[in-house]
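In: sequence-free structure coming up:
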């Protein structure tokens, strides 16, 4: 049984309002973390938690939410506090009633996501590493996008796959794609945009009649990585894409880059969830190599 007293005390200190956790109920969340809703007579808070050693994962998530929120563009969940006890590490967020997005929500999301992507930074990456799911995500700053994506995204996932015992075609094909990455991105010169980094439909909902994002894996990269991931598992309407395109149309060559960028996520799912993603990853690699004539 988890003791919530220390977390309730921290919430009280941060908010300046006494909070006593009189009720705790489990909430649905990804298979990678657990979640509990803490409530008293006046307030409720959403607590994501995991084993005590995951504190840095939650700290990075909170800082990523702040990074997006500070752009005053797309709406994101707001962290209250984070920390660790002897039992768990945790991130506390203000509790919100979530609902499915409507077409009007998707129009606003398209416009505000494009506004987020219009911001820029002097380098690709971020000032600190974070996680994609529970996988370490390396954000070492780079001046060149192709080098950053090859070294910090593809090669990192391939190394983790090798450590997990995958070998043979997946590694041979993967390293060939990594070598071909500069050619696949040749002529494409994006500016470093702040990106959500894990933008699938499960990390986007509506609250109070407006769209809201959560569970980011923030860094500065090609804006197309967010658009690509929205297409990986579906769940975004034509209204969303039309609204985004009104503000910032996609550049030529996006369809090839979409496959390259989503390969990162498929490899991550391979490393997190197992061999059911192996065939998909290899098919994507072969498709990319065919684009370069290799």
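Out: That came in fine, so what should we check first? Note that the coordinates shown come from a computational prediction; the quantities given were computed from them, not determined experimentally.

In: so how far is the top helix by length along the chain off the chain centroid?
Out: Assignment by DSSP state H gives helix 254-273 as the longest helix of the chain. Offset of helix 254-273 from its chain centre (CA atoms, centre = their mean, to the nearest Å): 13 Å.

In: any idea which helix or strand comes after it?
Out: helix 278-292 (DSSP states H and E).

In: hang on, the earlier thing: for the longest helix of the chain, which outside residues touch it?
Out: The contact list for helix 254-273, computed with CB atoms under 8 Å, 6 or more residues apart in numbering, reads 32, 132-135, 149, 153-154, 157-158, 160-161, 164, 166, 170, 174, 177, 181, 184-185, 188, 198, 222, 224-225, 227-229, 231-232, 277-278, 280-281, 284-285, 287-288, 291. In this view, the C-beta of every residue, glycine as well, is placed from N, C-alpha and C.

In: Between helix 278-292 and it, find me the angle.
Out: Put simply, helix 254-273 runs at 150 degrees to helix 278-292, going by axes from the mean of the first three to the mean of the last three CA atoms, to 10 degrees.

In: where along the protein do the strands fall?
Out: 23-26, 34-39, 44-50, 79-84, 89-94, 130-132, 135-137, 193-195, 204-207, 210-213, 219-221 (DSSP state E).

In: re earlier: what about burial for the contacts of helix 254-273, which qualify?
Out: Among the contacts of helix 254-273, those classed as buried by 16 or more other CB atoms under 10 Å are 32, 132-133, 135, 149, 153-154, 157-158, 160-161, 166, 170, 174, 177, 181, 184-185, 188, 198, 222, 224-225, 227-229, 232, 277-278, 281, 284-285, 288.

In: Report the contact partners of the most centrally placed residue in the chain.
Out: Of all residues in the chain, the one closest to the mean position by CA atoms, centre = their mean is residue 198, 2.4 Å from it. Residue 198 makes contact with 132, 133, 215, 216, 217, 229, 265 under the criterion CB under 8 Å, 6+ apart.

In: No further queries at this time; thank you.
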